[in-house]
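Peer 1: Whatever this is, show me its structure:
(2 chains)
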Amino acid sequence: MHRSFVVVALLAVTLQAGAVHPGEPLDPKDAFRLSVKGIDRNTAQIEFRIAPGYYLYRDRFRFETDGGKVIADAVLPSGKIKVDAFFGRTETYRDRVRIRVPLSEAERAKKRVRLKVISQGCADAGVCYIPQEQWVEVQLDVRKLLDEAIPVGH
Amino acid sequence: MQFQDGAGKPRTLADFRGKLVLLNIWATWCAPCREEMPALDRLQAQLGGSNFEVVALSIDQQGPEEVRKFYDEIGVKALQLYIDPSAQASSRLGILGVPSTLLVDPGGLEIGRKMGPAKWDSPQSINELRQRMIRGGKVE
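Peer 2: So this is what the prediction gives:
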């Protein structure tokens, strides 16, 4: 059991020295708010709303089906270039990112599709979150499905 | 809480009983962690011994080679290599982000924690740790 209420003098010293940023970082689920929707009969759209002062790495996303199959052809938009002293040129997302995840025929055959979303981000205050594994469930757009099945005017 | 040393030998925090321990949970994919590692190495060089140890515990899933490569890159001299590829330690300690650093008293009890980087080898930090070692890790 940890005693997080204990603010030791050591911490006070480092705060006084200006070595750290004040305030506790957000819980990752609050820093990176995930939602999903079906945008047509073939595609799920994953959206992250990213809190100010936080960012996600473009190259650390990974998507899997509930059968464990990696979805390699997700469409990630270009990110903002970040030049890091250790990692060189990386792409990051701030504010919001929408990612299109194409679904296979086998996935589309299901009424509801479950996807595993793996993401990793950091706070400008100098904390990086442990990669987040989250499950989302998406229903493909029924209205659009009907539109395609019964074209307008027929 | 189990982890491994650089030779793959199982280790636990109980192995450090009797010492004040600064347990730093980190990963090579975390830029702020990499940035503070030289300060932790200098802290271990200066204070490490029978009464104090910096335990830098990596949660890299790729294994110790990744950590060894980074240690070589920055010329680590005093820190030992410890790794928890299962991330069991971070999960059990309720750690959401890295770097996270815990101060553990010689009896194995956590007496403080901090998420985010710090200048661990600043004169103030070293002085504070020395005082704490004299008091046997007790919080006043």
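Peer 1: Measure how buried the residue of chain B found nearest chain A is and give me the count.
Peer 2: Per C-beta to the nearest C-beta, residue B:112 is where chain B lies closest to chain A, at 3.4 Å. The C-beta positions use only the backbone N, C-alpha and C, and glycine is treated the same way. By the measure other C-beta atoms under 10 Å in any protein chain shown, the count of residues near residue B:112 is 22.
Peer 1: That one should be in a helix, yeah?
Peer 2: No: counting by DSSP: H, G, I helix; E, B strand; the rest coil, residue B:112 falls outside a helix, being strand.
Peer 1: is it true that it touches residue B:100?
Peer 2: No: at 11.4 Å, residue B:112 does not count as touching residue B:100 under the criterion of C-beta atoms under 8 Å.
Peer 1: How much space separates the residue nearest to residue A:94 when sequence neighbours are not counted from residue B:133?
Peer 2: Residue nearest to residue A:94 in three dimensions, not counting chain neighbours: residue A:55, with 5.0 Å by C-beta to C-beta, 6 or more residues apart in numbering or on different chains. Distance of residue A:55 to residue B:133, computed by C-beta to C-beta, to the nearest Å: 39 Å.
Peer 1: State the helix or strand in which residue B:55 lies.
Peer 2: Following DSSP states H and E, one finds residue B:55 within strand B:52-58.
Peer 1: Beta-bridge partners for the residue nearest to residue A:94, please?
Peer 2: Beta-bridge partners for residue A:55, by DSSP bridges, are residue A:122.
Peer 1: same question, residue A:137
Peer 2: The partner residues for residue A:137, given DSSP bridges, come to residue A:114.
Peer 1: residue ranges of the strands in the chain, please?
Peer 2: Using chain A here. A:32-40, A:43-50, A:54-57, A:62-65, A:80-84, A:88-93, A:96-102, A:112-119, A:121-123, A:127-129, A:132-139 (DSSP state E).
Peer 1: Correction: the question concerned chain B.
Peer 2: With DSSP E as the criterion, chain B has strands at B:2-5, B:10-12, B:20-26, B:52-58, B:82-83, B:97-98, B:100-104, B:110-115.
Peer 1: give the contact list for residue 51.
Peer 2: No chain specified, so I'll use chain A. A:26, A:30, A:31, A:32, A:33 (C-beta atoms under 8 Å, 6 or more residues apart in numbering or on different chains).
Peer 1: meant chain B actually
Peer 2: With C-beta under 8 Å, 6+ apart, residue B:51 has these contacts: B:18, B:19, B:20, B:106, B:133.
Peer 1: Lowest-scoring secondary structure element of chain B by mean pLDDT?
Peer 2: helix B:88-92 (a mean of 85; mean pLDDT, DSSP states H and E).
Peer 1: That one near chain A anywhere?
Peer 2: Yes: figure legend: helix B:88-92 in contact with chain A (C-beta under 8 Å from any C-beta of the partner chain); contacting residues residue B:90.
Peer 1: Quick one: list the elements packing against that helix.
Peer 2: strand B:2-5 (3 or more C-beta pairs under 8 Å, 6 or more residues apart in numbering or on different chains; DSSP states H and E).
Peer 1: which other helices and strands contact the strand it packs on?
Peer 2: Counting contacts by 3+ C-beta pairs under 8 Å, 6+ apart, strand B:2-5 packs against strand B:10-12, strand B:82-83, helix B:88-92.
Peer 1: Low-confidence ranges, the chain, go.
Peer 2: As the question left the chain open, I've gone with chain A. Regions of chain A meeting the criterion pLDDT under 70 cover residues A:1-23, A:141-154.
Peer 1: sorry, should have said chain B
Peer 2: Along chain B, segments meeting pLDDT under 70 span B:137-140.
Peer 1: ok, now how distant is the nearest residue to residue A:87 once chain neighbours are set aside from residue B:105?
Peer 2: Closest residue to residue A:87 apart from its sequence neighbours, by C-beta to C-beta, 6+ apart: residue B:31 at 6.6 Å. Counting by C-beta to C-beta, the gap from residue B:31 to residue B:105 is 30 Å.
Peer 1: Which strand residues bridge the residue of chain B closest to chain A?
Peer 2: Beta-bridge partners for residue B:112, by DSSP bridges, are residue B:103.
Peer 1: could you measure it against residue B:125, distance?
Peer 2: Going from residue B:112 to residue B:125 by C-beta to C-beta gives 12 Å.
Peer 1: So which bits of chain B are right by chain A?
Peer 2: So far as C-beta under 8 Å from any C-beta goes, chain B lies against chain A at B:27, B:29-35, B:59, B:87, B:90, B:93-99, B:102-103, B:110-120, B:122, B:124-125, B:128-129, B:132, B:139.
Peer 1: Many thanks, I have nothing further to ask.
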